[in-house]
Every structure is written in structure tokens, then in C-alpha cells.
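Asker: The following block contains a protein sequence and its predicted model.
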Amino acid sequence: MRENKQINQLYQQHPLLKKIASLKKVLWLNPFEARDKKVESFSFHKVLDAEQRLKRFSSYLKIAFPETEYCNGIIESDIKNISNFRHWLQKSGDVSIQGKLLLKCDHALPISGSIKARGGIYEVLKFAEQLALENQMIRLEDDYSIFHSESFRTFFNQYKIAVGSTGNLGLSIGIIGAKLGFQVTVHMSADAKEWKKQLLRQKGVEVIEYMSDYSKAVEQGRKQAELDLKCHFIDDENSQDLFAGYAVAALRLEKQLADANIKVDANHPLFVYIPCGVGGGPGGVAYGLKQLYGEHVHIFFGEPLQSPCMLIGMMTGLHDEISVADIGLTNKTEADGLAVGRASKFVGKVMEPIISGCYTVDESFLFQSLRRLNEMEQIFAEPSAHAGIYGPIALFKNGQQYIERNQLSDKMEQATHLIWSTGGNMVPIDQRQQYLQNSN
């Protein structure tokens, strides 16, 4: 916890911080963004390596998870036009959105129904491959469907995987880890939804609950792994493998946009809006997109009013050395995947030259948007996902300075706005009904 004197100094240095502490919705524009530079803080080779590894595992995933058969064992989501919903969004924010508006449907990703299926599943598969190679059970050129065999499950059962999570990362890792045969422990914070804990237990995963927040759950997961040489800890705050798994999404999106004849260049800017918790998922996606599109992509992270950890970490330059509690915020939000009080320093540092900014969104909007998207497009996405949906409103309401500074005013009609919908398909019917009722 920071002392009042330090906080007051921060308020003087960063007037926007005072607004954030007063629960005012804000848009912070990143002064560290490097328009013309390639980002060198993470190796893109790791992303290309991840893409190849996921292809090797496609034959396994197709058998182990029949719901991936239609996509040949590749975990990917569609992009959708949301023209009906667009009218409500413009009216709701009292803005006119120039350009195309699309939804990236990670709420419908196979296996675990959230963006965490990308990084979480990838890191477990990488660990499994590493063990199998070290023990001469497989060669890189073999058919990986052999991973779906009793001998492999028995072998993996002597190893453990631990992770700290508010929910969706734990689901992804628990589902794939248990399927492969690993003993999985998910350390869950107080914010985690009951149905997520129950689902994990049904899959044979050990769930340990904490009354405190996300950071405590991660810390306990880390401690468990330190005491056990056969335990692999998946570190949501620092894992480069998770980050690489998320970044693969950019390679897939590049093809999807090209297939849809959507250009991204100097005259056709791409704006991407992604919900942000600790930062790994949105950070990985942002990194990948920046590598591919450079200055032609503009990325904004959305966070709840009570949990803007990435915004305050990046704005002050303190990253994980400042918590939302330091400025009097509660970190309480129905957007459980975003209920994080302290951002990842690793991700924040990588994002410094990459993202265009961060904005905050209120709970009321999350639920109104949830109901309207469900009504108008028959798409259910959990509250966390709707932090992304507020992005175009934040930009057109408060981002005129950004548009002008980057000489985009005359290009906005040719722009594409892509909202990254991060989770929803796994939410049980009764929980969906509860969310929909909350929106009335």
C-alpha cells in the first residue's frame, strides 16, 4: 500500500489519476506509443513457433475435443458484422461510428469459450510436448493424436500444473490439463464465479478458493509449484508462453481480414478494442497485431471503473508497483475476468510502445450492452467482454485529439473497428438469465 504523500504526488503528476479515483470514465492516450518502430521487447519467433506447435496438436485436439472437428483442431473464432447492434451502440454513446464495425467472437472459441483458450491451452500443450520429447515418447514429425492415449495420460498423471485465476484462464488450463492426464490445481480468487469452480471440479480439477483477490491466488499457485519439482506453474503475470499463445490470434486475424477483403493500410486504419485484466491476453493480441500492421493498427484496452490496473500502471510507469487499492478503488466488478488490482509488469513494459490507450467503463453499460447484443444479434457474451464494446464510444466521444494527432480524420470512413469479445459460451443458462435480469 502506498502512503498518502506518494499518492498525492501522483495525483499532481497525473491529473487523470484523480478522475479515475473519483470513478469518472476516462480515456488515457499513451504518450509512450512509438508509431514508427518495430517492437523488439519480445521475440516474434516465439509467436511463429507457437503457431506451428498448435498445428502439430490439431490432430490431437480434433479427437480429444470433437467440437473442434469442424475447424480441423484449430482453436479459432469468426469475425462478425454487428450492424443491428451498431445502431444501439451509437445511440447509447451519442456518437457516430465512422467505418466498419466488427466483433471478434472469442466468446465462442471451442473447448473453453474465452480468449484464455488461446494462451492457456497453448502453454499446457507446450509443456506436454516438452515432456513427451524429453522422454522419447514422440518426435516432432509424428502424428500428435497419440497424445489421446491411455499410456500418455498415465505418464502425464505423475506431473502437476498449477495456476492462479479469476476464472477463464483456470477453466482453459483445467479442461485441457485434465484431459491430457495432468493433476491440475487452480487457485481461485474471491471474484471467481461459482459455476466456473463447479465445472472445473466436474472435470477432476482441484480448486482452492481464497477470500482475497487475484494477486493472492497467483502468489499461492506460485508457492505450490516452488515446493514441487514435478509441478509446472502457469504464471498469468509473467508467462511468455501464454503471451505467445495469445499473439497467434493476430496471424489468424490477418488471414480473416484478407479473406473478407478488408484492407489495413495507411488509408484504412484498424482500431481494436480489447478488455483487459492482468494484461496477458490483450497484451499478446496487441503485440501480434502491431508486428503485422505497425502504425496502421490502433489498440485500446478497456477496464472496469473499479479495476483499471493496466491504465494506472502504464500511466504512472509504476506497473505492478501500484494497485487500484492505492487510489481507493475496490476492485469489485461483475466483470470477473477483469477484477485485477495490479497489472503485469512484463506486459505493461511490452505495451509501452504498442497500445494507443486505455479507457474505463461503468458496470451499468456492461449489462445494458450484454442485453442488447443478446437481443439484437443473438450473441451472448459475459460482462467482461462488454468492456471491449465500449471502445468505439470512448474513442469518438473523447479521442478526437488522438484522431487528429495521427492525421486520421479524413480516413475514418474507411476505418475498421474490431471489438474483441472475450468470453461467454460456457456460461450456464441460469447464470445467463441472471445477467440478463441485472440489465433491466
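Answerer: In hand now; what should we look at?

Asker: Would you mind writing the CA trace of the helix or strand harbouring K104 as PDB?
Answerer: Using DSSP states H and E, K104 falls within strand 100-105. Below are the C-alpha coordinates for strand 100-105, written out as PDB (Å, rounded to 0.1, in the frame of the first residue of the first chain):
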ATOM      1  CA  LYS A 100     -17.000  -0.800 -40.400                       C
ATOM      2  CA  LEU A 101     -17.800  -2.300 -37.000                       C
ATOM      3  CA  LEU A 102     -16.900  -6.000 -36.400                       C
ATOM      4  CA  LEU A 103     -16.900  -8.400 -33.500                       C
ATOM      5  CA  LYS A 104     -14.100 -10.900 -33.000                       C
ATOM      6  CA  CYS A 105     -16.000 -13.800 -31.400                       C
END
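
Asker: Buried by neighbour count: which residues of the helix or strand that that strand is followed by qualify?
Answerer: Later in the chain than strand 100-105, the nearest helix or strand by DSSP H and E is helix 116-134. In terms of neighbour count (16 or more other C-beta atoms under 10 Å), helix 116-134 has its buried residues at 116-129, 131-132. (C-beta placed from N, C-alpha, C; glycine too.)

Asker: and T422, what is it in contact with?
Answerer: T422 is in contact with 106-107, 114-115, 168, 274-275, 281, 337, 381-382, 384-385, 388, counting by C-beta atoms under 8 Å, 6 or more residues apart in numbering.

Asker: related to what we said a few turns ago, what pairs with the strand holding K104, parallel or antiparallel?
Answerer: Partners of strand 100-105 in the sheet, by DSSP bridges, are strand 79-81 (antiparallel), strand 416-421 (parallel).

Asker: what separates that strand from the chain centre, distance-wise?
Answerer: Distance of strand 100-105 from the chain centroid (C-alpha atoms, centre = their mean, to the nearest Å) equals 16 Å.

Asker: contacting residues around it?
Answerer: In contact with strand 100-105 (C-beta under 8 Å, 6+ apart) are residues 77-83, 86, 89, 253, 262, 377, 379, 392, 415-421.

Asker: re the thing from before, and the contacts of T422, which of them are in helices?
Answerer: Using DSSP state H to define helices, the subset of the contacts of T422 located there is 168, 281, 388.

Asker: wait, which of the residues you listed is closest to A249?
Answerer: G281 (9.0 Å; C-beta to C-beta).

Asker: got the contact list for the closest one?
Answerer: So G281 contacts 115-116, 118-119, 246, 274, 422 (C-beta under 8 Å, 6+ apart).

Asker: Show me the helices in the stretch 201-350 of the chain, by range?
Answerer: Per DSSP state H, counting those that start in this stretch, the stretch 201-350 of the chain carries helices over the ranges 214-226, 240-259, 280-293, 309-316, 345-351.

Asker: ok, and the closest non-adjacent residue to S114?
Answerer: G423 (3.4 Å; C-beta to C-beta, 6 or more residues apart in numbering).

Asker: What of K179?
Answerer: Nearest residue to K179, sequence neighbours excluded (C-beta to C-beta, 6+ apart): A64, at 5.4 Å.

Asker: re earlier: what angle separates the strand holding K104 from helix 240-259?
Answerer: 140 degrees (axes from the mean of the first three to the mean of the last three C-alpha atoms, to 10 degrees).

Asker: Strand 100-105 - what's its average pLDDT?
Answerer: If you average the pLDDT over strand 100-105, you get 99.

Asker: Which residue is the nearest non-sequential neighbour of A190?
Answerer: Among residues not flanking A190 along the chain, M211 sits closest, at 5.3 Å (C-beta to C-beta, 6+ apart).

Asker: Can you give me the neighbour number for that neighbour?
Answerer: For M211, the neighbour count with other C-beta atoms under 10 Å is 7.

Asker: now P428
Answerer: If you count neighbours by other C-beta under 10 Å, P428 ends up with 14.

Asker: same deal with E219?
Answerer: 14.

Asker: May I ask which helix or strand encompasses the residue lying closest to D143 once chain neighbours are set aside?
Answerer: The shortest distance from D143 to any non-neighbouring residue, by C-beta to C-beta, 6+ apart, is to S59 (5.6 Å). Counting by DSSP H and E, the element that carries S59 is helix 58-64.

Asker: Output that helix as PDB, nothing but the C-alphas.
Answerer: In PDB, the C-alpha atoms belonging to helix 58-64 read as follows (Å, rounded to 0.1, in the frame of the first residue of the first chain):
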ATOM      1  CA  SER A  58      -4.500 -30.200 -34.200                       C
ATOM      2  CA  SER A  59      -4.900 -33.900 -34.800                       C
ATOM      3  CA  TYR A  60      -5.000 -34.500 -31.000                       C
ATOM      4  CA  LEU A  61      -7.500 -31.700 -30.300                       C
ATOM      5  CA  LYS A  62      -9.800 -32.900 -33.100                       C
ATOM      6  CA  ILE A  63     -10.100 -36.300 -31.300                       C
ATOM      7  CA  ALA A  64     -10.000 -35.100 -27.700                       C
END
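
Asker: That one packs against which elements?
Answerer: Of the remaining helices and strands, none touches helix 58-64 by 3 or more C-beta pairs under 8 Å, 6 or more residues apart in numbering; DSSP states H and E.

Asker: Quick one: mean pLDDT for it?
Answerer: Averaging pLDDT along helix 58-64 yields 98.

Asker: Now do that helix: distance to the chain's middle.
Answerer: What separates the centre of helix 58-64 from the centre of its chain is 24 Å, taken as C-alpha atoms, centre = their mean.

Asker: Likewise for stretch 358-368?
Answerer: 16 Å.

Asker: Could you pull out the buried residues of it?
Answerer: In stretch 358-368, residues buried by neighbour count (16+ other C-beta under 10 Å) are 358-363, 365-368.

Asker: right, and out of those residues, which lies closest to Q400?
Answerer: Y359 (13.9 Å).

Asker: For that closest one, which residues count as its bridge partners?
Answerer: Y359 has these beta-bridge partners by DSSP bridges: L27, G302.

Asker: mind listing what it touches?
Answerer: 25-28, 300-303, 311, 390-391, 394, 398.

Asker: can I see the domain layout of this protein?
Answerer: 4-42+73-112+241-438, 44-68+115-239 (automatic domain parsing).

Asker: Okay, T422 and Q414: tell me how far apart.
Answerer: 27 Å (C-beta to C-beta, to the nearest Å).

Asker: can you tell me which residues contact R139?
Answerer: With C-beta under 8 Å, 6+ apart, R139 has these contacts: L133.

Asker: how about it, secondary structure?
Answerer: Counting by DSSP: H, G, I helix; E, B strand; the rest coil, the backbone at R139 sits in coil.
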